[in-house]
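> Everything below, folded, please.
(one chain, ligands or ions: 1)
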Amino acid sequence: MQVKILGSAAGGGFPQWNCACPNCRAVRVGTFHGKARTQAQIAISADSEHWFLLGASPDLRSQIESTPELRPRAADGVTRHSPICGAVLLNADIDHVLGLLLMRELQPLNAYATLSVRRILTEDNSMFGMLQRIDRQLRWSEIVPEESFSLFTPAGNDSGLRCRALSLGIHYPAFVSRRRQTELTRQEASLGLIVESPSGKRLAYMPAVPRIDDVVLKEANSADVLLFDGTFWSDDELIQVQGSGATAKEMGHVPVSSPIGSLAQLAHLQCLRKIYIHINNTNPMLDEASPEHRQVRDAGWEIAEDGWQFEL
Ligand SMILES: [Zn+2]
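Alright, predicted model coming up:
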């Protein structure tokens, strides 16, 4: 399985359009010791020809253009084509689903999501109707937490990639009406994903983890490569930077630091690689000259960058 990290930042990207935090300021004037990043996006493939997206980032257009394998190939006079076969949606967050609307050109695609996430998008947000104007456009498959499912190409061929989702968060995005929320299943709000490659290797993708419990520990430990929630360094990070706002925990993210943080709680994992992803622009570990960056690297973690790829 080929794994590509197309985007590694949390919602808003880095720098973020309306942010003048120390990190965003420094990256704009070129004094930052580190890299800018687009909003989180993973692409996976078993054969390097058929690709599946994990999430659908608002930055997908530029991410596709900077990734030769994801660009269309013209053949026999056909100019409309995409190696992208579909997307696995783990939640209904705007920065996780907006990219679907960028792929509305009548291209056959498969979408995998819980019934709750699908209902939010298709029943409450009429713009997503653009993805279902013709029969063979976007075809939905239901994700049931804990049940395995395979990823299929739009032509109906098994990609060889097998997935299993775990329920991680129970909160829906703020744009989902209170009335709609009462009709949804809370356990379908936010998922982590385990992808098994044809060779039996495991990728765990957990970009939004509210707390580290025994299930998260077990799944993380049995992965060969772990892509884990690196959104915030500290619980009160946004409050410190902007003077007000929500805590990391209130936003559904366990912080990296502190005794309950992922650095401490996941210190003894067996996996080959553990990589922080979905990193907010305010996170001090983005600065490669910072003590926080050093601490993370010394603990054996990597900090994802756009354009990384590996085989599993
Ligand atoms: Zn910022």
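> residue contacts, the nearest residue to residue 195 once chain neighbours are set aside?
In this structure, residue 195 finds its nearest non-sequential neighbour in residue 203, 4.5 Å apart by Cβ to Cβ, 6 or more residues apart in numbering. No exception for glycine: its C-beta is placed from N, CA and C like everyone else's. By Cβ atoms under 8 Å, 6 or more residues apart in numbering, the residues touching residue 203 are 1, 3, 44, 194-195, 197, 223-225, 227, 312.
> any idea which of those residues is the one closest to the ion?
residue 227 (22.1 Å; Cβ to the ion).
> What strand or helix carries the residue of the stretch 51-200 of the chain found nearest the ion?
Relative to the ion, the nearest point of the stretch 51-200 of the chain is residue 95 (14.8 Å; Cβ to the ion). For residue 95, the element it lies in under DSSP states H and E is helix 94-102.
> Could you identify which of the contacts of residue 203 has the most neighbours?
residue 227 (27 neighbours; other Cβ atoms under 10 Å).
> Any idea what it is bridged to?
Taking DSSP bridges, one finds residue 205, residue 275 as the beta-bridge partners of residue 227.
> Check what pLDDT it gets.
Looking at residue 227, its pLDDT reads 98.
> so it touches residue 42, yeah?
Yes: look at residue 227 against residue 42 with Cβ atoms under 8 Å: they come within range, at 7.0 Å.
> Find residues that contact each of the two.
By Cβ under 8 Å, 6+ apart, the residues touching both residue 227 and residue 42 are 5, 205.
> ok, back up a step: for whichever strand or helix holds the residue nearest to residue 195, the distance to its chain's centre please.
If you go by DSSP H and E, residue 203 is part of strand 202-206. The chain centroid and the centroid of strand 202-206 are separated by 10 Å under Cα atoms, centre = their mean, to the nearest Å.
> need the next SSE after it, C-terminal direction.
Counting by DSSP H and E, what follows strand 202-206 is helix 214-221.
> tell me which residues in that following helix are buried?
216, 219-220 (16 or more other Cβ atoms under 10 Å).
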